[in-house]
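Student: only geometry, no sequence info:
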């Protein structure tokens, strides 16, 4: 909201659901992991997921592509979505 106020004069703030909370069927987990341990930790975590989808956020396009490559080598069906992908590749 502060960012919107900095750049826009008459903006509208619209919320869907409750601000700051996930939908009831979404499970959020936060784990602090040191840099070099992140990928091995993620793979161990993915091995515990019995069903459903996992969404992973990274900071850069390069990191998204690298993680996609690594997880693919581990046998996980993956795709990365970022601005350098065509619309077809992002679907």
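Tutor: Alright, I've got the coordinates. Source: prediction; values computed, not measured.
Student: residues contacting stretch 2-22, please?
Tutor: Here stretch 2-22 makes contact (Cβ atoms under 8 Å, 6 or more residues apart in numbering) with 1, 23, 28. Where C-beta positions appear, they are placed from N, C-alpha and C, glycine not excepted.
Student: okay if I get the residues you listed as JSON lines plus secondary structure and neighbour count?
Tutor: Shown next, in JSON lines, are the contacts of stretch 2-22 (DSSP: H, G, I helix; E, B strand; the rest coil; neighbours: other Cβ atoms under 10 Å):
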{"residue": "1", "secondary structure": "coil", "neighbour count": "8"}
{"residue": "23", "secondary structure": "coil", "neighbour count": "8"}
{"residue": "28", "secondary structure": "coil", "neighbour count": "6"}
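Student: got JSON lines for these, with distance to residue 36 and pLDDT too?
Tutor: Compiled in JSON lines, the contacts of stretch 2-22 are given as follows (distance: Cβ to Cβ, whole Å; pLDDT from 0 to 100):
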{"residue": "1", "distance to residue 36": "37", "pLDDT": "73"}
{"residue": "23", "distance to residue 36": "33", "pLDDT": "71"}
{"residue": "28", "distance to residue 36": "24", "pLDDT": "76"}
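Student: buried set for stretch 33-46?
Tutor: Within stretch 33-46, the residues that count as buried by 16 or more other Cβ atoms under 10 Å are residue 42.
Student: what about that stretch, average pLDDT?
Tutor: Mean pLDDT, taken over the full extent of stretch 33-46, equals 93.
Student: now do the strands in the protein.
Tutor: In the chain, no strands are found when defined by DSSP state E.
Student: residue 76: neighbour count?
Tutor: Residue 76 has 15 neighbours, counted by other Cβ atoms under 10 Å.
Student: in this structure, where's the longest helix?
Tutor: If you go by DSSP state H, the chain has its longest helix at helix 61-73.
Student: what residues of that helix count as buried?
Tutor: Buried residues in helix 61-73, counted by 16+ other Cβ under 10 Å: 64, 67-68, 71.
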